[in-house]
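3D model of this:
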Amino acid sequence: MMFKTHLVIGIFAVILFWPLVNNPFSFAIVAIIASVIPDIDTAVSKVGRNVPAKIVQVFTTHRGMVHSLTFCAIVSLILSIFFPKLAFGFFLGFGIHLLVDSFTKMGITPFWPYSRIAKGVIPTNGVLEKGILFSFALVDLLLILVKLLG
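Residues are numbered from 1 along each chain as shown. From the prediction side, this is the model:
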């Protein structure tokens with residue numbers, strides 16, 4: 001999926017969990033950033049164009065180790081030890097990214113290093129993804145309006 005699709009779905013997840021967390025602002029920032037971070041492993045993504053990403057790309061392939069529940073769990077565990085207030089936001093945002101990418105034709109390797117791929121039928125940047133993007137953007141807007149007005 002594309003950056004903007006991950007972003008609107010990440011925002012959707014933040015809106016759903018907002019009332020359940022103790023530090024909603026730090027949770028929201030971490031979750032939204034984490035919802036786009038896995039694409040650091042490809043040079044063609046918005047996240048993958050910066051210098052630190054180039055270093056990561058030397059050691060990884062797109063939709064390999066970084067696009068796995070294994071990586072998500074390890075980083076979340078480390079965060080829960082050293083920065084516990086950030087761990088859930090990271091896990092949620094990163095996990096949502098992986099879930100969404102598992103529905104694409106390219107899929108992900110959820111239990112890296114095992115090579116079994118979880119994939120779906122959605123072409124990246126195709127008409128179906130654009131419909132998903134529009135739908136989630138609309139739902140996000142409606143949920144935000146309900147929260148502000150209600």
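
counting neighbours, which bits of the lengthiest helix in the chain end up buried?
Identified as the longest helix of the chain according to DSSP state H is helix 127-149. Applying a neighbour-count criterion of 16 or more other C-beta atoms under 10 Å, the buried positions in helix 127-149 are 129, 132-133, 136-137, 140. Yep, even glycine has a C-beta here, placed from its N, CA and C like the rest.

check stretch 95-104 too.
95-98, 100-104.

chain center to the helix-or-strand element of the chain with minimal mean pLDDT, what's the gap?
Across the helices and strands of the chain, mean confidence by mean pLDDT, DSSP states H and E is lowest for helix 51-59: a mean of 78. In terms of C-alpha atoms, centre = their mean, to the nearest Å, the centre of helix 51-59 is set 18 Å apart from its chain centre.

which outside residues touch the helix or strand following that helix?
Sequence-wise, the next helix or strand downstream of helix 51-59 (DSSP states H and E) is helix 69-82. Residues outside helix 69-82 that contact it (C-beta atoms under 8 Å, 6 or more residues apart in numbering): 65, 86-87, 90-91, 94-95, 98, 110-113.

buried residues, helix 69-82. List them.
Under 16+ other C-beta under 10 Å, the buried positions of helix 69-82 are 69-72, 75-76, 79.

following the chain onward from it, which element is next?
helix 84-101.

and the direction of that following helix versus that of helix 69-82, what angle?
On the basis of axes from the mean of the first three to the mean of the last three C-alpha atoms, to 10 degrees, helix 84-101 is oriented at 170 degrees to helix 69-82.

got the CA coordinates for helix 84-101 in CSV?
Extracted in CSV, the C-alpha atoms of helix 84-101 (Å, rounded to 0.1, in the frame of the first residue of the first chain):
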residue,chain,number,x,y,z
PRO,A,84,6.8,1.6,28.1
LYS,A,85,4.6,4.6,27.3
LEU,A,86,5.5,4.3,23.7
ALA,A,87,5.3,0.5,23.2
PHE,A,88,1.6,0.1,22.5
GLY,A,89,1.5,3.0,20.1
PHE,A,90,4.4,1.5,18.2
PHE,A,91,3.0,-2.0,18.2
LEU,A,92,-0.4,-0.8,17.0
GLY,A,93,0.9,1.5,14.2
PHE,A,94,3.5,-1.0,13.0
GLY,A,95,1.1,-3.9,13.3
ILE,A,96,-1.6,-2.1,11.3
HIS,A,97,0.9,-1.4,8.5
LEU,A,98,1.7,-5.2,8.4
LEU,A,99,-1.9,-6.2,8.4
VAL,A,100,-2.7,-3.8,5.6
ASP,A,101,0.3,-4.9,3.5
